[in-house]
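Novice: Predicted structure and sequence below. I'll ask about it afterward.
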Amino acid sequence: MVSHLRPEHFIGKPRHVAIVMDGNGRWAMQQQLPRIAGHEAGAKAVKRIVEHCPKLGIEVLTLFAFSRENWGRPSEEVSALMRLFLHTLHTETESLREKNIQIRFIGDRKAFSVELQAEMRQAERVTKDNDGLILVIAANYSGRWDIANAAMKLSKDVLSNEADITAIDEEGFAAYLSMSDLPELDLLIRTSGEVRISNFLLWQIAYAELYFTDILWPDFGPAEFDQAIQEFASRKRRFGLTNEQLTQAEV
Ligand code: IPE
Ligand code: IPE
Ligand code: MG
């Protein structure tokens with residue numbers, strides 16, 4: 001078997017699930033509500049899914065909360081999203097701590113207000129010793145940024161002789177990316193019927209299973225999540241091998 005593949009890669013239970021939480025705006029429109037009401041309903045959906053994941057033994061849940069491209073939205077929507085982000089973090093950190101959930105953020109946080117950055121640091125600090133679910137929030141994140149940022153950090157290490165340029169391989173490079181210490185991504189879910197990645201995890205989706213559903217994010221609950229997990233379990237992940245090789249590996 002290819003050396004980097006371990007038996008657990010073939011087991012039907014995902015360790016790491018990521019979600020592009022899309023469709024808040026369309027949900028609000030359907031209800032004849034302002035877009036921000038859709039984002040508020042989206043935050044409630046986040047809470048339901050985060051609380052559901054530990055029951056399924058999922059180790060890491062990565063959520064796309066705000067992309068680098070989302071700064072281009074109308075300024076009222078961006079500020080409303082920032083307020084919601086701040087408010088949710090402020091009110092939910094204690095509950096995460098109690099539920100043994102560790103929160104982390106990926107993305108360039110320098111773009112956020114000092115107040116929001118402080119709240120993010122505080123949430124990470126308060127939950128850092130929790131060893132239940134790891135909840136990763138992608139904020140001001142994009143996949144290309146992650147890769148370019150890794151290249152920059154690696155170059156710095158090469159210049160300071162902390163990294164050997166001749167030893168750079170896939171594994172060595174990946175160590176500079178976000179989430180390099182976490183299990184590989186197994187399943188990527190996108191809601192709202194869009195069938196694209198929108199510059200989310202690019203390197204990390206290499207062998208992830210992709211799952212698209214028409215459900216809008218505020219309507220995506222534990223039952224819909226279970227359906228995605230069930231579909232994942234029915235998929236045959238081959239990682240480039242043949243079915244015969246996989247059957248041999250199972251026995
Ligand atoms: C996803 O919902 C949330 C964010 C991007 C912050 P949208 O706001 O993109 O919802 P639609 O796509 O307009 O319906
Ligand atoms: C992706 O959704 C970003 C988040 C869910 C945070 P978008 O709604 O921004 O993606 P596009 O514009 O449809 O590609
Ligand atoms: Mg959208």
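Specialist: Sure thing, it's come through. Ligands and ions are numbered 1, 2, ... in the order given.
Novice: List the buried residues in stretch 235-249.
Specialist: Neighbour-count burial for stretch 235-249 flags Arg237 (criterion: 16 or more other C-beta atoms under 10 Å). Placement of C-beta: from N, CA and C, glycine included.
Novice: Give me the neighbour count for the closest residue to ligand 2 within the stretch 51-200 of the chain.
Specialist: Nearest to ligand 2 in the stretch 51-200 of the chain, going by C-beta to the nearest ligand atom, is Ser198, at a distance of 3.6 Å. By the criterion of other C-beta atoms under 10 Å, Ser198 has 14 neighbours.
Novice: show me the contacts for it.
Specialist: For Ser198, the contact set (C-beta atoms under 8 Å, 6 or more residues apart in numbering) comprises 20, 22, 64, 67, 69.
Novice: Out of those residues, which is nearest to Glu244?
Specialist: Val20 (34.8 Å; C-beta to C-beta).
Novice: Please identify the helix or strand for the nearest residue to Pro222 once chain neighbours are set aside.
Specialist: Nearest residue to Pro222, sequence neighbours excluded (C-beta to C-beta, 6 or more residues apart in numbering): His52, at 4.3 Å. Using DSSP states H and E, His52 falls within helix 35-52.
Novice: just checking, next helix/strand downstream of that helix?
Specialist: strand 60-67.
Novice: Please enumerate the strands of this structure.
Specialist: For the chain, the strands defined by DSSP state E cover 16-20, 60-67, 102-106, 134-141, 187-190, 209-212.
Novice: Is it possible to get those out as a markdown table so that each row also shows mean neighbour count, distance to ligand 1 and mean pLDDT?
Specialist: Converted to a markdown table, the strands of the chain look like this (neighbours: other C-beta atoms under 10 Å; distance: least, C-beta to the nearest ligand atom, whole Å; pLDDT from 0 to 100):
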| stretch | mean neighbour count | distance to ligand 1 | mean pLDDT |
| --- | --- | --- | --- |
| strand 16-20 | 24 | 8 | 99 |
| strand 60-67 | 22 | 5 | 98 |
| strand 102-106 | 21 | 15 | 98 |
| strand 134-141 | 23 | 10 | 98 |
| strand 187-190 | 23 | 10 | 98 |
| strand 209-212 | 16 | 14 | 98 |
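Novice: For those strands, could you give me JSON lines that also reports distance to Thr88?
Specialist: Converted to JSON lines, these look like this (distance: least, C-beta to C-beta, whole Å):
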{"stretch": "strand 16-20", "distance to Thr88": "16"}
{"stretch": "strand 60-67", "distance to Thr88": "9"}
{"stretch": "strand 102-106", "distance to Thr88": "11"}
{"stretch": "strand 134-141", "distance to Thr88": "10"}
{"stretch": "strand 187-190", "distance to Thr88": "20"}
{"stretch": "strand 209-212", "distance to Thr88": "25"}
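Novice: Can you tell me which of those is nearest to Leu81?
Specialist: strand 60-67 (6.5 Å).
Novice: Direction included, what does the closest one pair against?
Specialist: Take DSSP bridges as the rule and strand 60-67 pairs in its sheet with strand 16-20 (parallel), strand 134-141 (parallel).
Novice: what's the distance between the last one and the middle of its chain?
Specialist: Translated: strand 134-141. Its chain's average C-alpha position is 6 Å from that of strand 134-141, according to C-alpha atoms, centre = their mean, to the nearest Å.
Novice: Does it reach ligand 2?
Specialist: No - Strand 134-141 stays clear of ligand 2 (C-beta under 6 Å from any ligand atom), getting no nearer than 7.4 Å.
Novice: Quick check: closest non-adjacent residue to Ala43.
Specialist: Nearest residue to Ala43 in three dimensions, chain neighbours excluded: Thr88, at 5.2 Å (C-beta to C-beta, 6+ apart).
Novice: Perfect, I'm done here.
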